[in-house]
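Student: need a structure here:
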Amino acid sequence: SSGINAEYGAVVIVYFQLCTENYRWWWKSFFSAAGTGLYVFAYGIFFYYTKLDIVDFTSTVLYFGYTALMSITFGIFTGSVGFFASFLFVRYVYSAVKID
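Tutor: Numbers count the residues shown, from 1 in each chain. Got it, this is the predicted structure:
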């Protein structure tokens with residue numbers, strides 16, 4: 001589900017970027033979809049302060065360390081999905097252009 005949402009969001013952003021004749025879409029397609037990793041980390045911080053009752057320093061470091069690793073992995077996953085979907089979209093759009 002999150003991969004599909006990242007895919008659609010990245011494709012829409014790339015489409016609007018191409019409509020303004022900005023053809024430097026590669027990194028924007030990745031980072032627009034990878035931004036969900038920041039959301040996951042922000043939710044981890046919210047969850048820590050509202051639901052968890054951790055008082056030990058070591059447990060806190062472990063929690064935020066694993067949350068950061070999970071968020072980075074999720075961001076790389078959704079960013080890759082967004083990039084490849086945008087890449088296929090751009091290839092499809094430009095394959096339909098006829099140059100005579």
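Student: Give me the most central residue, this structure.
Tutor: Most central in the chain under C-alpha atoms, centre = their mean is A34, positioned 1.8 Å from the mean C-alpha point.
Student: Please name the residues that touch the closest residue to that residue other than its chain neighbours.
Tutor: For A34, the nearest residue in space outside its immediate sequence neighbours is G79; the separation is 3.1 Å by C-beta to C-beta, 6 or more residues apart in numbering. Any C-beta I mention is one placed from the backbone N, CA and C, and that applies to glycine too. Taking C-beta atoms under 8 Å, 6 or more residues apart in numbering as the contact definition, G79 lies against A6, F30, F31, A33, A34, G37.
Student: in this protein, which helix has the most residues?
Tutor: helix 57-95 (DSSP state H).
Student: how about F41, what does it touch?
Tutor: T67, A68, S71.
Student: can you tell me how far the second one sits from Y49?
Tutor: With distances defined as C-beta to C-beta, to the nearest Å, the gap from A68 to Y49 amounts to 16 Å.
Student: CA atoms of stretch 79-98 as PDB?
Tutor: Extracted in PDB, the C-alpha atoms of stretch 79-98 (Å, rounded to 0.1, in the frame of the first residue of the first chain):
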ATOM      1  CA  GLY A  79      12.200   6.200  -2.800                       C
ATOM      2  CA  SER A  80      13.300   3.400  -5.100                       C
ATOM      3  CA  VAL A  81       9.700   2.500  -5.900                       C
ATOM      4  CA  GLY A  82       8.900   6.100  -6.700                       C
ATOM      5  CA  PHE A  83      12.000   6.500  -8.800                       C
ATOM      6  CA  PHE A  84      11.400   3.400 -10.900                       C
ATOM      7  CA  ALA A  85       7.700   4.200 -11.400                       C
ATOM      8  CA  SER A  86       8.700   7.700 -12.500                       C
ATOM      9  CA  PHE A  87      11.400   6.300 -14.800                       C
ATOM     10  CA  LEU A  88       8.900   3.900 -16.500                       C
ATOM     11  CA  PHE A  89       6.300   6.800 -16.700                       C
ATOM     12  CA  VAL A  90       8.800   9.100 -18.400                       C
ATOM     13  CA  ARG A  91       9.900   6.300 -20.800                       C
ATOM     14  CA  TYR A  92       6.300   5.600 -21.700                       C
ATOM     15  CA  VAL A  93       5.500   9.300 -22.200                       C
ATOM     16  CA  TYR A  94       8.500   9.900 -24.400                       C
ATOM     17  CA  SER A  95       8.100   6.700 -26.400                       C
ATOM     18  CA  ALA A  96       4.700   8.000 -27.500                       C
ATOM     19  CA  VAL A  97       6.200  11.200 -28.900                       C
ATOM     20  CA  LYS A  98       6.600  11.100 -32.600                       C
END
